[in-house]
Every structure is written in structure tokens, then in C-alpha cells.
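# Sequence plus the predicted model coming up.
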Amino acid sequence: MTDFGAIDALLAGAKKEVVLPPVEERRILREELNLSRAQLARALGVSPSTVGGWESGRDPSGEVREKYAYFLQGAKAKLAAETVETVETAQAAEKAPAQEPENEVRAGAEQAADPNDDVDVLAAPQPCVLCGQPARHQVAGFPQHLDPAECNVAEPAHTSTPRPPEKSAPRQEPRRDQPSERHAQAGRGVKVVPVGRRMQTADTPDLIGSAVAAALAEHAGDVEAATQALVKRAIPDAMALLDHTRKGGRYDVIAHPWLPDVLRKQTARGADQIWEARPKWTRPELPAGLHEVTALDINGAYLSALKSHLPIGQLEHSTGNHHDRRRAGIHLITPPAWEDDAVLPNPIGSRDEPGPLWVTEPTLRLLLRISGPKYGLCEPPEIHESWTSGATESLLEKFRIALKDARDRAIADGDEVTLEYVKAMYSKFVSTLGESNYNRELYRTDWMHIIRSQAFANLWWKAHRAYDQGLMVVRAMGTDELHVIGDWRAVFPEGRGVTEVKVKDVYTVGTAPDPTDDA
């Protein structure tokens, strides 16, 4: 009886997952109601990028799936009801005398709202950032008129005596040889900005500074406790900063795309099939004598690597020995032979196994560049197949600049709390882009590998620059360690900025010549 009771309890608690509408309907339902991703995300307790993933092919699970399904069902019912109401209104209008519609400008403004532009309806009108007149909407957090005709529409008073309305005068279109209304609008300083690239005021919020100030206040000025608290919340804070910098962006990023098997872990604790070209190189031989070696630390390696060619959408498969510079992703290549290992590290990193391997965009571009006529250091790689998507190098640029500026200010002010917080934000952002339980808002394993590989490629180019300027390159390790012999200050600027290097260690290798040998 106990077994049967357990089975009955299991059956009673079991239930099928709620069915969601097809992917292509989800975005349409939201857009038809003039709701932005940010609005829906706030109601569901997720990020806008997560909503974007659901609208691009990924399905939610658990309680949030039921909430999302409830919204979609409600949206479908609301739109169906509005359709019926519209039909009934149209039928009634056919029987009633024609009337001039009211609030025509207001209706046009609401229809002009772009659901991808973070448009919200204000509870009470606020001054428009463009003209100062009351506006009923806000775009990316700034009150604005959606219809340019509503911006600063008040005509200037030319006389103190109001003119009576001319009821009988027909409306005339402006002649082409006369100043048009748009010229008059321009004269009053009204600027119409394309959707997706709207003007913003200079007083944008400093999310990093506000978080640091709040943490210090919460811990009564205890620097160590505030730093630990900020580092713990670095991942969600980084995602919030990313969402903030993506407002008005020109691209909709697919946050949870389908990934090919080569980007999936082979075992629970194993790795996928992507080779990141991590360098672990030591010069095999030095000239005779005693040498002073300087170990240089490359500042903000992962921060600089955020500027890389990243695929925007879902990866698509292609074959053939061809590279499209407008796309980015991962590539199966046969790397060329490397014959300069005595003086420079191999661009594909420390790999002993021969044959084809999967590399990322930065590694392939590095190989293609140094195999070209300008450098001629190796033969071109052979590309067998690729998984790529349309790409841009500026996808994370605003995010990177926000972190870089905060880092620069922290260094200038001696603010170690902000410095450690920012470092944790960009390093943990990169490390949790893959199969991680710590960041479920953005699942882009391809981005993680590409950013890491970009850091390795950047280090290789610094090694090549040192070699090209006459320094002797001794070691290249990881993302940020380069050992050289010679006057390195003539090649690299010293400092703590992301374009500078600092000294990590100075040591000697070799032996001094024995003076008795000359005798």
C-alpha cells in the first residue's frame, strides 16, 4: 500500500509543462501591445536579454515559464478582444455621420513607439528632454515626445490681440517656394533623431559609482567588507551595466542561442572542442652571457579583449576555405607550420597535437594577417568548415568604455574598492558566459572563447612588437605576462592604464663571462 500511495502522490503532483506559442508569435504579441522588452522583463523579474532569448528560440522553464505563458495568453486574448471591438466600431461608424477623430496626434504618437526602443508610458507628464514641453512617454529612461509634431508645437505670439479662428478658410499645403513647417521647427532647436539612436542627456546614471557608494555606506566605511560585498555581486551588476549600455543599441543580441556540439562540454567536468590559443612559451635558447629580464604585466587584458569581432545572432554552418570578414564565430582549420619558435611564440599557442582543430575568430584573423604579404611569417591556414553569424567589433564597446572609465578614475583617485569591483565585473563577465550557474541571463559560449582568444592574440601582437623593435622576447604566458630583455620603455609606455604595462618582476639569467678565459 505504501508503494501505491507513493505512486498516487507522484501522479497527483506531476503535471505537463504549460504550452507556449510558437517562437515567431511571441515577439509579435508583445509588439502588438506596444510593450518593450524592458517592460515585460520587469514584470517577470528577468532581464530584457532573457526575454530576447525567449523570442529567438529558447524556452523558459519552471515558475517563470508559467508566468510567461500567462502573459502570452493574456496578450492574445486582449488583442482578440480589441480586434472584435475595432470591427464593431467600424460597423457603427458606417451608420453614423462622419466625425473628425479626436486625439489624432496622440494616437499617432502611440503607434510610432518602437517596442525595441525601451518606450514606457509615464503615469504623469514630464518635461521633454528636447523641447521642455510635457511628454507622456519616456525613451531609454528620458521623457520625450514620440511624435516630432508634438515637440515644441506652440506657435510664437506675434501680437497681443488674438485672431479669431478662420472657420471658412480651407487648409492649404505649404508651397515648395515658401518656408515649410519643418524649417520653422528646426529654427526652434527641435531635432528629430532616428529610432534606435536617440539623443540622451549628459546626466546618465553612474551605476558603478552608485554601487560603490552604497556598499561603503552599508558597511560603515569598512573598505574590506565593502569590497567583498561588491565582488560577490559583480556578475549581476555587470549584466545590469550591460543592459544599460545596450539601450538604444542597433543590434538585438540573441542571449541564449542554439549552439553546435563543438561548443558543448563533452562531459560534465570536461571541456568543449574549442582551442583558444593560450600561449605558454619560453624561448628555447639565449645568447651566452648574463641577461637582465623584465617580466611585464599587461594591464586589463580581458577588458581590452571585449573589443573583438563578436557574432550577433545564432551561428550558421558553412564549408569551404573562405573567410568572410563581415562574420565571426569558430572555424575548423589546419594551422600552418610555425618556423619561428626560437624567437616568437606560435600564434596558435602551445599545441603539440598535429591535424585540424577548432579555433575562434581572433586566432584565425591573426593567422590570416601574419601570413599575408606585409608579414609573411607563415603560410595561410586551411579553413575546412565554420560556424558564424553576422558580427560587429563594437557590440560591447559602450560596456567596455564604462568599465575602462571607472577603472581610470579609480586609479587616479587611489580608489582600490572601485578598482577591485570593476576588475571582478569584467573578469567574471567573461568567465561566466559559458555553461555557468552564476550567469543565466547571457549564454554565449562562443563569446567567452572569442574574448579569451582575443586576449591571447593581443599578447602575441605585443610580443611581435617587442621583437620588431629589437627586444629579445623570453617568455609569453597566459593573457598578461611578457618577459623581455632590452630597453622595453622605448617600446611600451609604463603605467597602470589599459594601453600601458607595469613591471611584475626583474631577474637575471645566464652567467657572466669568466675574466680568466681571456687570459
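That came through, no problem.
# rest of the way, CA atoms for contacts and neighbours
Fine.
# Report the central residue of this structure.
The centre of the chain sits closest to residue 396, judged by C-alpha atoms, centre = their mean, with a distance of 3.8 Å.
# nearest residue to that residue other than its sequence neighbours?
Spatial nearest neighbour of residue 396, chain neighbours left out: residue 306 (6.3 Å); criterion: C-alpha to C-alpha, 6 or more residues apart in numbering.
# Who are the contact partners of the one you found?
Residues in contact with residue 306 (C-alpha atoms under 8 Å, 6 or more residues apart in numbering) are 396-397, 400, 451.
# Looking at those, which are in helices?
Judged by DSSP state H, the contacts of residue 306 include 397, 400, 451 as members of helices.
# Neighbours of the second one, how many?
Think residue 400. Counted with other C-alpha atoms under 10 Å, the neighbours of residue 400 add up to 21.
# Turn the contacts of residue 306 into TSV, columns for pLDDT and distance to residue 505.
TSV is the format used below for those (pLDDT from 0 to 100; distance: C-alpha to C-alpha, whole Å):
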residue	pLDDT	distance to residue 505
396	93	33
397	93	32
400	95	28
451	97	27
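# Now flag whichever of these is closest to residue 341.
Among the contacts of residue 306, residue 451 lies closest to residue 341 (C-alpha to C-alpha), at 24.7 Å.
# Distance of the residue lying closest to that closest one once chain neighbours are set aside relative to residue 502?
Distances taken as C-alpha to C-alpha, 6+ apart place residue 305 nearest to residue 451, at 5.5 Å, with adjacent residues excluded. Computed as C-alpha to C-alpha, to the nearest Å, the residue 305 to residue 502 distance reads 18 Å.
# Roughly how far does the residue nearest to residue 396 sit from residue 457?
In this view, residue 306 and residue 457 are 12 Å apart by C-alpha to C-alpha.
# next SSE after the least confident helix or strand in the chain by mean pLDDT?
Of all helical and strand segments in the chain, the minimum by mean pLDDT, DSSP states H and E falls on helix 181-187, at a mean of 38. Using DSSP states H and E, the helix or strand that follows helix 181-187 in sequence is helix 207-218.
# mind saving the C-alpha coords of the next helix-or-strand element following that following helix as PDB?
Note on helix 207-218: by DSSP H and E, the next helix or strand toward the C-terminus is helix 223-232. Extracted C-alpha coordinates of helix 223-232, given in PDB (Å, rounded to 0.1, in the frame of the first residue of the first chain):
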ATOM      1  CA  VAL A 223      36.800  49.100   2.800                       C
ATOM      2  CA  GLU A 224      37.500  45.400   3.000                       C
ATOM      3  CA  ALA A 225      33.900  44.500   3.800                       C
ATOM      4  CA  ALA A 226      32.500  46.800   1.100                       C
ATOM      5  CA  THR A 227      35.000  45.300  -1.500                       C
ATOM      6  CA  GLN A 228      34.000  41.700  -0.600                       C
ATOM      7  CA  ALA A 229      30.300  42.600  -1.000                       C
ATOM      8  CA  LEU A 230      30.800  44.300  -4.300                       C
ATOM      9  CA  VAL A 231      32.900  41.400  -5.700                       C
ATOM     10  CA  LYS A 232      30.100  38.900  -4.700                       C
END
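# List the buried residues for helix 223-232?
Residues of helix 223-232 classed as buried: 226-227, 229-231 (neighbour count, 16 or more other C-alpha atoms under 10 Å).
# where does the chain have low pLDDT?
Along the chain, segments meeting pLDDT under 70 span 1-2, 12-15, 84-120, 129-132, 138-204, 516-519.
# just the strands in it please.
Secondary structure of the chain by DSSP state E: the strands cover 119-127, 134-139, 142-144, 274-275, 280-282, 290-298, 310-311, 316-319, 327-334, 357-360, 382-392, 472-477, 481-485, 501-510.
# any idea which of those strands is most buried?
Neighbour counts (mean count of other C-alpha atoms under 10 Å) averaged over each of these peak at strand 310-311, with a mean of 26.
# So which other helices or strands are in contact with it?
Helices and strands touching strand 310-311, by 3 or more C-alpha pairs under 8 Å, 6 or more residues apart in numbering; DSSP states H and E, are strand 327-334, strand 382-392, helix 445-468.
# so what strands line up beside the second one?
So the one you mean is strand 382-392. Next to strand 382-392 in the sheet, as set by DSSP bridges, lie strand 310-311 (antiparallel), strand 316-319 (antiparallel), strand 327-334 (antiparallel).
# Using CSV, write out every CA atom in the second one.
When you say that, I think you mean strand 316-319. Once non-C-alpha atoms are left out, strand 316-319 reads as follows in CSV (Å, rounded to 0.1, in the frame of the first residue of the first chain):
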residue,chain,number,x,y,z
GLU,A,316,25.2,29.2,-39.0
HIS,A,317,27.2,26.4,-40.7
SER,A,318,29.3,26.8,-43.8
THR,A,319,32.1,24.8,-45.5
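# Identify the residues contacting it?
For strand 316-319, the external contacting residues (C-alpha under 8 Å, 6+ apart) are 384-389.
# next one: the longest one
Residues from elsewhere that reach strand 327-334, judged by C-alpha under 8 Å, 6+ apart: 274, 309-311, 315, 355-361, 364, 381-392, 446, 450.
# Contacts for stretch 42-53, please.
Applying C-alpha under 8 Å, 6+ apart, the external contacts of stretch 42-53 come out as 37-38, 40-41, 59, 64, 67-68, 243, 252-257, 441-442.
# Now the terminal residues of that stretch, how far apart.
Start and end residues of stretch 42-53 are separated by 15 Å (C-alpha to C-alpha).
# Likewise for stretch 354-374?
Its first and final residues considered, stretch 354-374 spans 27 Å by C-alpha to C-alpha.
# what's the answer for stretch 375-384, then?
By C-alpha to C-alpha, the extent of stretch 375-384 from end to end equals 24 Å.
# how far does that stretch sit from the chain's center?
With C-alpha atoms, centre = their mean, to the nearest Å as the basis, stretch 375-384 stands 31 Å off its chain's centre.
# Equivalent analysis for stretch 232-242, please.
Centre-to-centre, stretch 232-242 and its host chain are 13 Å apart (C-alpha atoms, centre = their mean).
# Start the count at 26 instead of 1 going forward.
Sure, I'll start counting at 26 from here, so that last one is stretch 257-267.
# which residues are in contact with that stretch?
232, 421, 424, 446-447, 449-451, 453-454, 463-464, 466.
# For the buried ones among the residues you listed, write the corresponding ChimeraX selection.
A single ChimeraX command suffices to select whichever of the contacts of stretch 257-267 are buried according to 16+ other C-alpha under 10 Å:
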select :421,424,446,447,449,450,451,453,454,464,466
